[in-house]
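Colleague: Below are the sequence and a predicted model for it; my questions follow.
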Protein chains: 2
Amino acid sequence: MSEPTTEHTYEIDPALAARWSPRAFSTTAELNQDLLGPAFEAARWSASSGNSQPWSFVVGFRGDDVFTMLTDSMNPGNSVWAVNASAVVASIARTHNDEGEALSHALYDLGQAVAHFSVQASANGLVVHQMGGFDATALHGSLGLDDHHAVVTLFVVGTLGDPAELSERLREREAKPRVRKPLSDFVSGSVSYP
Amino acid sequence: MSEPTTEHTYEIDPALAARWSPRAFSTTAELNQDLLGPAFEAARWSASSGNSQPWSFVVGFRGDDVFTMLTDSMNPGNSVWAVNASAVVASIARTHNDEGEALSHALYDLGQAVAHFSVQASANGLVVHQMGGFDATALHGSLGLDDHHAVVTLFVVGTLGDPAELSERLREREAKPRVRKPLSDFVSGSVSYP
């Protein structure tokens, strides 16, 4: 195992390179259905097992009831900054089919759809921050989901804000360089990456 | 539930719009470590729960032993066309941590990383086709994985080939229009999409 690094070995698409998960969101920037439309359209055209499209999303905008319900379910360490974002989305997987059989690729495919959403949002100058820290059981009930569906992540969407408005602890985290394992740590076979 | 459609309600990034999963691959086009580098770099910079990066990949190129091992594990209905591709990759999730606890977001995060790979490949003029139809248990053994890791998908990468070289049945599938559920079927909350 080598040390994680900020270095890029290969150049990547600007929308992918620009994607990151900030905590400082503009408290005045607003989003609406049409401004989020391209990101949901991108999620829509994601790949899935047998084109099963086992994903759905519930979206709220800052100030409305859905936004409040979703952000209220977050762990306090997340909601403290997430409430500033312009929109919040619950990502939901269809985990079982009508016969009650587990759909083994549902989470994987939902991840693909949210990645598409994030890349398109990045291409549109928006920032997205996903989280697993929320009360999924409570939210499952509030959203009226059946036992063939699960809330997997929440993510907020908005415009980058001023880190100076974050607490000192969050400001420090925000300023940390983004790091990843080197390619050699996770790609093997007929290649030998640095 | 409305009928699936080919229509786009919103315009999306060209690399996302161009992405699809063909079966006709050029049997002469070749890939190598550097040509696949940007796609793995894109996967590397994907988001993950607590930056855990629970993904790894094993890659083979047409004609080498890894390629043969991976394509041999595919269901015949997949390998019949997949063997023409330039490269094949096994996507592997780290499903449990060192304490043996399940990593609940591993599959979701692996899906995100593969989506990033696919989008970057699309931006580079390559095509990717993922599949779940392979002998995951046999491959888990051949790859020497422990029980904290699972092979989740295989995917082939290459250059679009001539559909005329496919069997009649596959040629018909290849020519079918790509369809998806309308936005209204899977996005709800404070929006009302068509």
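Modeller: It's in. Numbering: from 1, shown residues only, chains lettered A, B, ... in the order given.

Colleague: helices and strands around the longest strand belonging to chain A, which ones?
Modeller: As far as residue count goes, and with DSSP state E defining each element, the longest strand of chain A is strand A:149-158. For strand A:149-158, the elements it packs on are helix A:76-82, strand A:87-94, helix A:106-123, strand A:127-131, helix A:136-142, judged by 3 or more C-beta pairs under 8 Å, 6 or more residues apart in numbering or on different chains; DSSP states H and E. C-beta here means a position set from N, CA and C on the backbone, and glycine is covered the same way.

Colleague: so how far is B:W55 from the closest residue to chain B within chain A?
Modeller: As assessed by C-beta to the nearest C-beta, chain B sits closest to A:G111 within chain A, at 2.9 Å. Relative to B:W55, A:G111 is positioned 10 Å away (criterion: C-beta to C-beta, to the nearest Å).

Colleague: Of the two, give the one with the bigger neighbour count.
Modeller: Comparing A:G111 with B:W55 by neighbour count (other C-beta atoms under 10 Å in any protein chain shown), the higher total belongs to A:G111, at 32 against 26.

Colleague: who touches the nearest residue to that one once chain neighbours are set aside in this structure?
Modeller: In space, and not counting its chain neighbours, A:G111 is closest to B:G111: 2.9 Å by C-beta to C-beta, 6 or more residues apart in numbering or on different chains. For B:G111, the contacting residues are A:L107, A:Y108, A:D109, A:L110, A:G111, A:Q112, A:A115, by C-beta atoms under 8 Å, 6 or more residues apart in numbering or on different chains.

Colleague: on contacts alone, who are the packing partners of the one helix or strand A:L170 maps to?
Modeller: Taking DSSP states H and E as the definition, A:L170 sits inside helix A:168-175. In terms of contacts (3+ C-beta pairs under 8 Å, 6+ apart), helix A:168-175 is not packed against any helix or strand.

Colleague: ok, and for that helix, which residues are buried?
Modeller: Using 16 or more other C-beta atoms under 10 Å in any protein chain shown as the test for burial, helix A:168-175 gives A:L170, A:E174.

Colleague: same question for it, mean pLDDT?
Modeller: Rounded to a whole number, the mean pLDDT of helix A:168-175 is 94.

Colleague: which other residues reach it?
Modeller: Contacts to helix A:168-175, defined as C-beta under 8 Å, 6+ apart, come from residues A:P22, A:R23, A:A24, A:V80, A:W81, A:P163, A:A164, A:L166.

Colleague: and A:E41, how many neighbours does it have?
Modeller: The burial count assigned to A:E41 is 24, neighbours taken as other C-beta under 10 Å.

Colleague: same deal with A:S142?
Modeller: By other C-beta under 10 Å, 17 other residues sit near A:S142.

Colleague: cool, and A:S49?
Modeller: The burial count for A:S49: 18, using other C-beta under 10 Å.

Colleague: And for the one 5 residues further on?
Modeller: For A:P54, the tally of surrounding residues (other C-beta under 10 Å) stands at 24.

Colleague: show me what contacts it?
Modeller: Residues counted as contacts of A:P54 (C-beta under 8 Å, 6+ apart) are A:S48, A:A93, A:R94, A:T95, A:L103, A:H105, A:A106, A:D109, A:L110.

Colleague: which residues does the second one contact?
Modeller: A:A93 makes contact with A:P54, A:W55, A:L103, A:A106, A:L107, A:D109, A:L110, A:H149, A:A150, A:V152, according to C-beta under 8 Å, 6+ apart.

Colleague: if you set the cut-off to 7 Å instead, what comes out?
Modeller: Applying C-beta atoms under 7 Å, 6 or more residues apart in numbering or on different chains, one finds that A:A93 lies in contact with A:P54, A:W55, A:A106, A:L107, A:L110, A:H149, A:A150, A:V152.

Colleague: rewinding a little: report the mean confidence score over the longest strand of chain A.
Modeller: Per-residue confidence for strand A:149-158 averages out to 98 on the pLDDT scale.

Colleague: what do you get for stretch A:29-44?
Modeller: 98.

Colleague: That stretch near chain B at all?
Modeller: Yes: looking at stretch A:29-44 against chain B by C-beta under 7 Å from any C-beta of the partner chain, the contacts come from A:Q33, A:G37, A:P38, A:F40, A:E41, A:A42, A:R44.

Colleague: Buried residues, that stretch. List them.
Modeller: By neighbour count with 16+ other C-beta under 10 Å, stretch A:29-44 contains the buried residues A:29, A:31, A:33, A:35-44.

Colleague: gap between that stretch and the chain center?
Modeller: Using C-alpha atoms, centre = their mean, to the nearest Å, we find the averaged C-alpha position of stretch A:29-44 to lie 14 Å away from the chain's own average C-alpha position.

Colleague: and if you look at stretch A:150-166?
Modeller: 9 Å.

Colleague: same question, stretch A:100-107
Modeller: On the basis of C-alpha atoms, centre = their mean, stretch A:100-107 sits 21 Å off its chain's mean C-alpha point.

Colleague: List the beta-bridge partners for the residue most central in space within chain A.
Modeller: The centroid of chain A falls nearest to A:Q130 when counting by C-alpha atoms, centre = their mean (3.3 Å). For A:Q130, the beta-bridge partners are A:F155 (DSSP bridges).
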